[in-house]
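Engineer: A structural model of the following input is requested.
(2 chains)
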There are 2 protein chains.
Amino acid sequence: MRKKITTLYTGEYMSLNLRTHYTSQINPQAMNGAEVTLAGWVYEVRDLGGICFVVLRDREGRAQVTLVKKRTDPELLETARKLMRESVIAVTATVKAEAKAPGGYELIPKEITLLNEAESPLPMDTTGKVEAELDTRLDSRFMDLRRDRTTAIFKIRHETLRAVRNYLSDNGFIDVTSPKVVATATEGGTSLFPITYFDREAFLNQSPQLFKQILMSGGLDRVFEIGPIFRAEEHDTRKHLNEATSIDIEASFCDHFDVMEILENMVAYVYSRIKENEARSLEVLGVDLQVPAVPFPKITYDEALEIVNAHGEESLKWGDDLSTLSENTIGAHVFKEMGVSHYFIIDWPTEIKPFYAMPYEDKPQLSKSFDMMHRTMELSSGAQRIHIHDMLKKRIESQGLDPEGFDFYLKAFRYGMPPHAGWGVGCERLVMTMLGVENIRDVVLFPRDRRRLSP
Amino acid sequence: MRKKITTLYTGEYMSLNLRTHYTSQINPQAMNGAEVTLAGWVYEVRDLGGICFVVLRDREGRAQVTLVKKRTDPELLETARKLMRESVIAVTATVKAEAKAPGGYELIPKEITLLNEAESPLPMDTTGKVEAELDTRLDSRFMDLRRDRTTAIFKIRHETLRAVRNYLSDNGFIDVTSPKVVATATEGGTSLFPITYFDREAFLNQSPQLFKQILMSGGLDRVFEIGPIFRAEEHDTRKHLNEATSIDIEASFCDHFDVMEILENMVAYVYSRIKENEARSLEVLGVDLQVPAVPFPKITYDEALEIVNAHGEESLKWGDDLSTLSENTIGAHVFKEMGVSHYFIIDWPTEIKPFYAMPYEDKPQLSKSFDMMHRTMELSSGAQRIHIHDMLKKRIESQGLDPEGFDFYLKAFRYGMPPHAGWGVGCERLVMTMLGVENIRDVVLFPRDRRRLSP
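Structural biologist: Next up is the predicted model:
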């Protein structure tokens, strides 16, 4: 459907604008007999002699192009028969309602244009009939994305981020961007990727933590950032990445309970938007999504230890961090007792949380911190933060860090820092737990890990 | 306003949730006599003896707290009088409609809580009475943000990004994230920041270009990404940054005219949303925003040269790139002739555009490329892309690049790459041209340039 565009000085151009409809936009009844142009990939060609079917696939589904030998121009039929799988075509055709065809219609073609031919053999199967290894799929992500399942995941990721942003914006949060190239490590010198920044050494930021706190001193009051974080950890697990997308908030005049409330409501909102707007993608993935009820249960760190120790597989003492095994034990226990997948663990020992977590006034060995857990893994960490300069400086020192490296941060606490709290959620973990995806690499288009730097 | 929260196992907690209203949320008539709690910063204290005014500032405005000596508890009055500027306070008070006060009301305090005291002297003035140097403001961004002008800019930036995302999502674009750590330069080896990625060398990505094109082969059809880009250019100008936020799209089955139409409509949409939703911020900045009419005028590269050469300050020959001076000459000319600030320059010489720009079939020395210009600077570059593998490989070679480094990219063109087009817009330039801001550092919270790596 070339469309005329008039330019001011030089006259007329034609825009390409090839497609009139996606496959899913054709209403068989209302559009019966209409002429349309679809564009997409050759999913398959079935040549039965007297009749030939070409199935065209686009992002939104599939459509069947039907060529009856007796009634089709021989040249057009020949073009159709010779189409290689996964080649790119545009089809201008008449819509014919046909209950038995996919989507309830077939297309009687007037013209088939081969826009780009695919080589053969293909690097992997796209029909889902042959299950490829994860590494093969990631090496050929451009082919993997042509599988319904993979597209469904990334549509849901899109809708997740849209829901998160809408929820936070509607609740007074301002979208901000902090620098990814930084001079100082957020939480000490480990796990950093060094950069050569002109003639200086710099690092890729592990977290927007220090910057979003500075913005609280700036009075932005409630901010969120969705952006990349970089951790040089040598993990090789199914739930760690070296480059990930973090959803972060910080809110002034709030404590940890206030931001837990924001978090649980946001998660429930995301689930409800996905259920409503991505029903077809959920169906493709075979996921029956349950929107979690709010508020999420809260258990204390002490209670978490009791659950682990009562279970008998591990013996933890007060002050120990929770292992993956303990997280699973607690998750299973909470799910069995309460039937829910999401819950908080609150009131962690101050010593095992970062220096910026606020201790309770009356029990300084406990901090106003929390983790939000899914039955299968940790999703988020957060806390009320220390907003008192001298207390913060002491905590930095007591963790063996040099306060001088934190001058740019500490300065913001000297001239009117409000009490504040916040959290960070891993976007990938949010999506993978929602969909029951086993490997975090499945929810990232081009994952980066210890071994993978390409594509 | 502490609020009870019941946890499942441990009983009751109280949430902080200090504020009941922002200053702007108080309706003097409807809320006359109501008790509210506001939280923010001490903007100023005016002690006139018999009466003392404390002006509280929050993100949304200011409110006047009035303490009449005769009618105020002496201890409360003493607290108020001693407040240091920029300290953080919470005020629980009764609303009293008062036409002469800011916002049409004053607050008769019941309680003033000093939440965090500011040191004195302050590192910079926040009232806007004393204009600080840009470097001073950036060094103390947390103070600078307390100025109305600075907050207004970042509210508008938030609303800009929200409008961009809504516009693109509503037009079928999927939000994607490409990796920032990459093995290959997008457009050759210059201007890259090297990273040590475990035992390998890697780079910070200059642009999501190659990845968004790969996604076209994957069939995602229409994608957008808003994320950081990194350029190791040693520029030291008022419109360059070494870390910036790029708004990128790529769309299949489209040519350059189709994506220019998306771009001009998006820009007009952003302007209209800012005008509607950020009227107060525009007022603070003294900006009378005009929504640009669509379509934007298009002039060819050849016509652009004519304009420059006719003007006489420069003499350009065919194939030369446009200098900043030429851009200004053309911008002034277009503004004078047509009264518009936004326009496109199209049909650039193939040789001065990146290797992935599609040449015209009948005039291969010209490419299907464009720049979107604002009167004062370039805002965006885009093109229909080459989707033919062999042509692309030749173009990579002819620019002196090694196709082997592009294997991961070229592979996506061999098995069904649709025709596609796209563009990138600098978020900062979009905001600065909209607001008439002179220096790009003013629209970035924590800018990174040749000299600045902190805060």
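Engineer: Let's see the distance spanning stretch A:20-27 from one end to the other.
Structural biologist: 13 Å (Cα to Cα, to the nearest Å).
Engineer: Show me what counts as buried in stretch A:336-356.
Structural biologist: Residues of stretch A:336-356 classed as buried by neighbour count (16 or more other Cβ atoms under 10 Å in any protein chain shown): A:341-350, A:353-356. Heads up, the C-betas are built off the backbone N, CA and C, glycines and all.
Engineer: so how far does it reach from one end to the other?
Structural biologist: 34 Å.
Engineer: Spatially, what comes nearest to the closest residue to chain B within the stretch 51-200 of chain A if we skip its sequence neighbours?
Structural biologist: Per Cβ to the nearest Cβ, A:Leu145 is where the stretch 51-200 of chain A lies closest to chain B, at 2.9 Å. In this structure, A:Leu145 finds its nearest non-sequential neighbour in B:Gly218, 2.9 Å apart by Cβ to Cβ, 6 or more residues apart in numbering or on different chains.
Engineer: same deal with A:Met338?
Structural biologist: Using Cβ to Cβ, 6+ apart, the nearest residue to A:Met338 is A:Pro297, at 5.7 Å.
Engineer: Quick one: the strands in the stretch 301-450 of chain A, in order.
Structural biologist: For the stretch 301-450 of chain A, applying DSSP state E, counting those that start in this stretch gives strands covering A:342-346, A:369-374, A:377-384, A:420-426.
Engineer: Turn the ones you listed into a markdown table, columns for distance to chain B and mean pLDDT.
Structural biologist: Formatted as a markdown table, the strands of the stretch 301-450 of chain A follow (distance: least, Cβ to the nearest Cβ, whole Å; pLDDT from 0 to 100):
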| stretch | distance to chain B | mean pLDDT |
| --- | --- | --- |
| strand A:342-346 | 7 | 98 |
| strand A:369-374 | 11 | 98 |
| strand A:377-384 | 8 | 97 |
| strand A:420-426 | 8 | 98 |
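Engineer: What residues does the stretch 201-350 of chain A have near chain B?
Structural biologist: Proximity of the stretch 201-350 of chain A to chain B (Cβ under 8 Å from any Cβ of the partner chain) is limited to residues A:202, A:204, A:211, A:214-215, A:217-221, A:227-228, A:230, A:232, A:234, A:242-243, A:245, A:252-255, A:257-258, A:261, A:295, A:297-300, A:303, A:338, A:346.
Engineer: mind checking the SS state of the residue lying farthest from the centre of chain A?
Structural biologist: What lies farthest from the middle of chain A is A:Lys70; by Cα atoms, centre = their mean that is 50.0 Å. Following DSSP: H, G, I helix; E, B strand; the rest coil, A:Lys70 is assigned to helix.
Engineer: contacting residues for it?
Structural biologist: A:Gly50 (Cβ atoms under 8 Å, 6 or more residues apart in numbering or on different chains).
Engineer: Check A:Glu378 too.
Structural biologist: Here A:Glu378 is in contact with A:Glu327, A:Asp371, A:Met372, A:Arg429 (Cβ under 8 Å, 6+ apart).
Engineer: what does A:Lys394 give?
Structural biologist: A:Lys394 neighbours (Cβ under 8 Å, 6+ apart): none.
Engineer: how close does it sit to B:Asn116?
Structural biologist: Per Cβ to Cβ, to the nearest Å, A:Lys394 is found 16 Å from B:Asn116.
Engineer: I'd like the domain boundaries of chain A, if you could list them.
Structural biologist: A:19-116, A:144-297+A:340-443 (automatic domain parsing).
Engineer: What about the residue nearest to A:Leu145, how many residues nearby?
Structural biologist: 27 (other Cβ atoms under 10 Å in any protein chain shown).
Engineer: Ok, A:Gly400 next?
Structural biologist: Count around A:Gly400 with other Cβ under 10 Å applied: 9.
Engineer: Chain neighbours aside, what residue packs nearest to A:Glu438?
Structural biologist: A:Arg238 (6.2 Å).
Engineer: thinking that neighbour is in contact with A:Val437, fair?
Structural biologist: No: A:Arg238 is beyond contact range of A:Val437, at 9.5 Å (criterion: Cβ atoms under 8 Å).
Engineer: residues near the residue of the stretch 51-200 of chain A closest to chain B, how many?
Structural biologist: 23.
Engineer: contacting residues for it?
Structural biologist: A:Leu145 neighbours (Cβ under 8 Å, 6+ apart): A:Thr151, A:Phe154, A:Leu445, B:Leu215, B:Gly218, B:Gly219, B:Leu220.
Engineer: Among the residues you listed, which pair sits farthest apart?
Structural biologist: A:Leu445 and B:Gly219 (12.7 Å; Cβ to Cβ).
Engineer: any idea whether A:Val223 is helix, strand or coil?
Structural biologist: Assignment for A:Val223 (three-state DSSP): strand.
Engineer: Show me what it bridges to in the sheet.
Structural biologist: Legend: beta-bridge partners of A:Val223 under DSSP bridges are A:Ile174, A:Glu250.
Engineer: Isn't it up against A:Leu215?
Structural biologist: Yes: judged on Cβ under 8 Å, A:Val223 makes contact with A:Leu215 at a distance of 5.1 Å.
Engineer: What's the local residue count around A:Ser111?
Structural biologist: Heads up, residue A:111 is Glu, not Ser. Neighbours around A:Glu111, by other Cβ under 10 Å: 12.
Engineer: Correct me if wrong, but it is in a strand.
Structural biologist: Yes: counting by three-state DSSP, A:Glu111 is found in a strand.
Engineer: How many residues are close by A:Arg137?
Structural biologist: 19.
Engineer: Now the strand or helix carrying it: buried residues?
Structural biologist: Using DSSP states H and E, A:Arg137 maps to helix A:134-139. Of the residues in helix A:134-139, A:Arg137, A:Leu138, A:Asp139 count as buried by neighbour count, 16+ other Cβ under 10 Å.
Engineer: Likewise for stretch A:115-123?
Structural biologist: Applying 16+ other Cβ under 10 Å to stretch A:115-123 flags A:Leu115, A:Asn116, A:Glu117, A:Ala118, A:Leu122, A:Pro123 as buried.
Engineer: ok, now stretch A:323-334?
Structural biologist: Using 16+ other Cβ under 10 Å as the test for burial, stretch A:323-334 gives A:Ser326, A:Glu327, A:Asn328, A:Thr329, A:Ile330, A:Gly331, A:His333, A:Val334.
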